[in-house]
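Q: Please find the sequence and the predicted model below.
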Amino acid sequence: MTTPKFREPVGNEKGGWWDEKEGRTLPYGRRIETAWERFRTEEGIPVFEGVGISDCRDLPRGDWRRVGGKGTYVQLIGTNNTYGMFVVEVPPRSALNVQRHMYEERYMVVEGRGSTEVWKSGDSAVSAFEWQPWSLFSIPLNANFRIINSSSSPAILFATNTAPRIINVFQSDRFVFDCDFNFDERFGGNLEDYWKSKDELEHLPAYGRAMVQSNVIPDTVSAYLPLDQNRGPGHRWVSPAQAGNTTLQGWIAEYPSGRYAKAHAHGAGAVLFCIRGKGYSITWPSKEGGTTPWKDGKGDLVQMLEYGPGGLISAAPGPSDWYHQHFSYGRDPWRIMRCTGGIMGNPGFEGGRGDEHKVGDLIPIHRELGQGGNAIPYHMQDPWVREYFEAKCREEGSETTMPPEVYTESGANIQVMED
Ligand SMILES: [Fe+2]
């Protein structure tokens, strides 16, 4: 489309784009392609767009010239221009291309065994570590790295990164992919120990909940998750801090069998990736659907996805606040990773600017409707939610472990699961 030459408005005309049928008195804006979207298209691999997928391994993968191997972008609704996610397949006994980039990136191994070499620009010392299914590792910002599949079958990895934000800010491939600056603060000192996994638990500074600083977690399926109980008895949770990342953190949680979270609503961006067990999530627009969509004849607004290991969902796909609710219906605990999410106190955390609170203030979190929060108490939820969950557990041969009292007003504050 050619851009018409600028003409100053005359008479009642207004500045802006216009619809020829209406004349120029009603101004319009136009959605334009972002630098990230242009980059993603030029990559030449398939792009999956949707609310979620039961198993990301099912997506078709195309030859990926820049990265090597085969890949597909997974751009879940609510993450566009914020997080990049992709699946990459490394052929047997081969390696992906050497890469280096100015955005943070984290990999979850879904299938295969191999290793990754990481080194600084202008330095011949190469550090390396091995990985296996369900290993989680992060590449330090702008370090050189090479992902190697040492096995005789393909390796499949799922990655999350902050490429959209960085590409949209700088709009220069030369800077994003071809800068030799070493971030020694993140990847420096004694690199021999850099890739040794660590399991010491600390407080996550903003939440006081558990954090583990380990650049590699060798097996997220069996890794020890400490009790957290913010989502009720038996709920386990840890937030991995890796490679000095400032804009990419998230968490790993385990939901006991037969339990489910309260529905709650917030802005888009949270993506949950399953690493163990069976679960499903539901999500619907809070404004249009209200708190009881089925009872009110609006069940068609609700989206549902069952997903197991390798599956992922955009919990609140947006654009406005969407309610979402997660259900652990399998016989084993359900383990999921929130693979997006920034770090409170750093840019990118939940879009908050911090204007509302002074440093050191306590900030209420996880509150219900009527308490200043947006979680639907169990006794106020749509009756269909409980009926469907109990039927699902019966079908699976598991049992609901929700205490019946939580479905009463007086038992509303029994902590079962939230979020
Ligand atoms: Fe949420």
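A: Received the coordinates, thanks.
Q: mind listing what the nearest residue to Ala155 once chain neighbours are set aside touches?
A: Nearest in space to Ala155, with sequence neighbours left out and distances taken as CB to CB, 6 or more residues apart in numbering, is Gly112 at 2.7 Å. Just so you know, the C-beta spots here come from the backbone N, C-alpha and C atoms, and that holds for glycine as well. The contact partners of Gly112, taken as CB atoms under 8 Å, 6 or more residues apart in numbering, are Val90, Gln132, Pro133, Asn149, Ser151, Ser153, Pro154, Ala155, Ile156, Leu157.
Q: now swap in Arg367 and tell me
A: Neighbours of Arg367 in contact, by CB under 8 Å, 6+ apart: Gly373, Asn374, Ala375.
Q: Most neighbours of all the residues you listed, which one?
A: Counting by other CB atoms under 10 Å, Ala375 has the largest number of neighbours within the contacts of Arg367, with 22 neighbours.
Q: Show me which of the contacts of Gly112 are buried.
A: Taking 16 or more other CB atoms under 10 Å as the criterion, what is buried in those is Val90, Pro133, Asn149, Pro154, Ala155, Ile156, Leu157.
Q: List the residues that contact the fourth one.
A: Contact analysis of Pro154 by CB under 8 Å, 6+ apart lists Glu89, Val90, Pro91, Pro92, Glu111, Gly112.
Q: And those, which is closest to Glu399?
A: Of all those, Glu111 has the smallest distance to Glu399: 31.6 Å, by CB to CB.
Q: Check which helix or strand the closest residue to the closest one other than its chain neighbours maps to.
A: Excluding the flanking residues, the one nearest Glu111 by CB to CB, 6+ apart is Ile156, at 4.3 Å. Using DSSP states H and E, Ile156 sits within strand 155-161.
Q: Just checking: what are the partner strands of that strand?
A: Applying DSSP bridges, strand 155-161 is found paired with strand 84-90 (antiparallel), strand 105-111 (antiparallel).
Q: closest one to Asn168 among the ones you listed?
A: strand 84-90 (11.0 Å).
Q: Please list the outside residues in contact with the helix or strand just after that closest one.
A: As assigned by DSSP H and E, the chain's next helix or strand after strand 84-90 is strand 94-95. With contact meaning CB under 8 Å, 6+ apart, strand 94-95 is reached by Gly68, Gly69, Arg146, Ile147, Ile148, Asn149.
Q: Just the buried ones from those, in PyMOL syntax?
A: Selection command for PyMOL covering only the buried members of the contacts of strand 94-95, criterion 16+ other CB under 10 Å:
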select buried, resi 68+69+146+147+148+149
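Q: Give me the subset of the contacts of strand 94-95 that lies in helices.
A: Per DSSP state H, helices hold no members of these.
Q: helices and strands of this protein: which one bottoms out on pLDDT?
A: In the chain, the helix or strand scored least confidently by mean pLDDT, DSSP states H and E is strand 264-266, which has a mean of 88.
Q: Neighbouring strands of whichever helix or strand comes after it in the sheet, and parallel or not?
A: Going down the chain from strand 264-266, the next helix or strand is strand 271-276, by DSSP H and E. Paired with strand 271-276 in the same sheet, following DSSP bridges, are strand 312-314 (antiparallel), strand 334-338 (antiparallel).
Q: Roughly how far does the residue nearest to Glu111 sit from Val47?
A: Distance, Ile156 to Val47, by CB to CB, to the nearest Å: 18 Å.
Q: Report how many residues lie close to the residue nearest to Ser121 when sequence neighbours are not counted.
A: Excluding its sequence neighbours, the residue lying closest to Ser121 (CB to CB, 6+ apart) is Asp180, at 4.0 Å. Counted by other CB under 10 Å, the residues lying close to Asp180 total 10.
Q: What's the per-residue pLDDT of Asp180 here?
A: At Asp180, the pLDDT value in this model is 96.
Q: hang on, it is in a strand, isn't it?
A: No. Counting by DSSP: H, G, I helix; E, B strand; the rest coil, Asp180 falls outside a strand, being coil.
Q: okay, now Ser172: neighbour count?
A: Ser172 has 13 neighbours, counted by other CB under 10 Å.
Q: With Ser138 as the reference, measure out to it.
A: From Ser172 over to Ser138 (counting by CB to CB), the distance is 24 Å.
Q: Then Arg31?
A: Distance, Arg31 to Ser138, using CB to CB: 33 Å.
Q: Settle it for me: which of these two has more neighbours?
A: Neighbour comparison, Arg31 and Ser138: the larger count goes to Ser138, with 25 against 5 (by other CB under 10 Å).
Q: want to throw the contacts of Arg367 into JSON lines with distance to Glu105, pLDDT and secondary structure?
A: Converted to JSON lines, the contacts of Arg367 look like this (distance: CB to CB, whole Å; pLDDT from 0 to 100; DSSP: H, G, I helix; E, B strand; the rest coil):
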{"residue": "Gly373", "distance to Glu105": "33", "pLDDT": "75", "secondary structure": "coil"}
{"residue": "Asn374", "distance to Glu105": "32", "pLDDT": "81", "secondary structure": "coil"}
{"residue": "Ala375", "distance to Glu105": "32", "pLDDT": "85", "secondary structure": "strand"}
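Q: Return the member of those nearest to Glu42.
A: Distance to Glu42 across those (CB to CB) is lowest for Asn374, with 39.4 Å.
Q: the helices in this protein, which residues?
A: Applying DSSP H to the chain gives helices spanning 35-42, 163-170, 173-177, 286-289, 383-396.
Q: one step back: so for the residue nearest to Ala155, what's the pLDDT?
A: We have a pLDDT of 97 for Gly112.
Q: Can you list phi and psi of it for me?
A: phi 100, psi 170 (degrees, to the nearest 10).
Q: This completes my enquiry, with thanks.
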